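Participant: predicted model and sequence follow; I will ask about them next.
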Amino acid sequence: MWPIGHRGLITKSNPASLFSVSDNPMKQSIAPRTPNRWLHRFAFFTSCITFPLIFVGGLVKSHEAGLSVPDWPTTYGYNMFTFPFHMMVGNIFYEHGHRYYASIVGFCILILAIWIWRKESRKWVQKLGWIVLVAVSVQGILGGVTVKMLLPWYVSTAHASLAQITFCLTVALSMVTSKWWNDDVTKTTNKTSDRLQTLTALTVGAIFIQLLLGAVMRHLNAGLAIPTWPLANGNIFPDFTSVGVALNFAHRTWAFVVAMLIFTTAYFAIKASKEHPSFKKPAIAGMLLVVMQITLGAVTILTEKEPNWTSLHVVGGAAVLASQFVLAVRVRHLTKRTAEAKEIVRGTKKVRQTSTNGVRSVPISENS
Ligand code: HEM
């Protein structure tokens, strides 16, 4: 039996008690963080403008415009920023427009990383800012390399996948700089939070696999390898005559695994939302978005990959991922696994607490 401050008892028979990091006496030495409102607003703005970039990038592939500007980092020999607007016609509009828009996003991420470095006291947040800057820079280089190498599927797939990761990282920056994010939170631990910790990790992982399957399929031009929907030429199972058919079938089938995981996670997240109201919105958003995404997948096939619908399906994937990523981060921030909480209370595990001077480890002993 372990006393946990004023919050009650954790017993072997009652693991559903509350665990509170803030009950530790070490807490007194931790100054509360004052969130920088403008920094958070800018981080939020940056994640908002990164989201449509995935649609804009999707349009390039959907219009097969990737090689309409054959050079990089120049544009038909011009510095890309001095390329005449009147020459941005046809597919050049999509390809060069994508480069422009990506430069704006990259510039905002650069400002954000510097701003965080200057104003943010938490070292791990500073690191996260630099990681996002590295991610967006690698993303730009991959974009250039894929053009230079004439769009090999593996480089284009890496470019498409890193886009999703970079977007999620900007969302993370927006979350950790917010007023909502309090480093000195009371973490709860019970069976539902245990389940949610596992489920959110599985869901984010499953969505990422789905995005990878979608990207490989798309860049191998196998989007219409099974040209009908919902059945494959009247059958549940297609004739597996090519890798494209297998990928296409895997992407369709995995969508239902993703949907089931999202709905199951949402069930437990909504159950836990009495204690943690912030779980509710991403859980509901996830359910709506995955239904919309499956519908958009069907529309992509039924319209034979009409560019706007197809690109909406691409950016829809980012929305599904982001909703579950936000939920996963919130769950990790506000709950702790029962086993981990017990270990901390026993003093066999160190817990990391964040102070305005950076991160440090504070052992919590049985007596605390
Ligand atoms: C959880 C649900 C789904 C997610 C998250 C998802 C996500 C994605 C993403 C991100 C891409 C583009 C990858 C890239 O280029 O970066 C993609 C491609 C594609 N998806 Fe899905 N998808 C889902 C369900 C479906 C379903 C149910 C279908 C079919 C009914 C479908 C059909 C397609 C097709 C045909 C493409 C390729 C488009 C092309 O070749 O241009 N998707 N998907």
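Facilitator: Good, I have the coordinates.
Participant: the most centrally placed residue in the chain - nearest residue in space that isn't next to it in sequence?
Facilitator: Taking CA atoms, centre = their mean, the centroid of the chain lies closest to residue 168, which sits 3.1 Å from it. Leaving aside its sequence neighbours, residue 168 sits nearest to residue 325 (CB to CB, 6 or more residues apart in numbering; 4.8 Å). (Glycine included, C-beta is placed from N, CA and C.)
Participant: got the residues of the stretch 101-250 of the chain near the ligand?
Facilitator: Residues of the stretch 101-250 of the chain lying close to the ligand (CB under 6 Å from any ligand atom) are 160, 207, 210, 211, 214, 215, 217, 218, 223, 229.
Participant: take the residues you listed and write them to a markdown table, including pLDDT, secondary structure and neighbour count.
Facilitator: Below are those laid out as a markdown table (pLDDT from 0 to 100; DSSP: H, G, I helix; E, B strand; the rest coil; neighbours: other CB atoms under 10 Å):
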| residue | pLDDT | secondary structure | neighbour count |
| --- | --- | --- | --- |
| 160 | 98 | helix | 25 |
| 207 | 98 | helix | 28 |
| 210 | 98 | helix | 22 |
| 211 | 98 | helix | 23 |
| 214 | 98 | helix | 26 |
| 215 | 98 | helix | 24 |
| 217 | 98 | helix | 24 |
| 218 | 98 | helix | 24 |
| 223 | 98 | coil | 24 |
| 229 | 97 | coil | 13 |
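Participant: among those, which pair sits farthest apart?
Facilitator: By the measure CB to CB, 160 and 229 form the most distant pair in these, at 22.0 Å.
Participant: surely residue 39 is in contact with residue 121?
Facilitator: No. Between residue 39 and residue 121 no contact is recorded; they are 11.5 Å apart, counting by CB atoms under 8 Å.
Participant: ok, residue 178 - contacts?
Facilitator: Neighbouring residues of residue 178 by CB atoms under 8 Å, 6 or more residues apart in numbering: 35, 40, 44.
Participant: any idea how far residue 124 is from the last one?
Facilitator: Computed with CB to CB, to the nearest Å, the distance linking residue 44 and residue 124 is 19 Å.
Participant: give me the more crowded residue out of these two.
Facilitator: residue 44 (17 against 13; other CB atoms under 10 Å).
Participant: confidence score at the more buried one?
Facilitator: pLDDT, residue 44: 98.
Participant: correct me if wrong: it contacts residue 175.
Facilitator: No. Counting by CB under 8 Å, residue 44 stays clear of residue 175, with 9.2 Å between them.
Participant: circling back: who's more crowded, residue 39 and residue 121?
Facilitator: Here residue 39 and residue 121 are compared on neighbour count by other CB under 10 Å; more neighbours surround residue 39, at 19 against 15.
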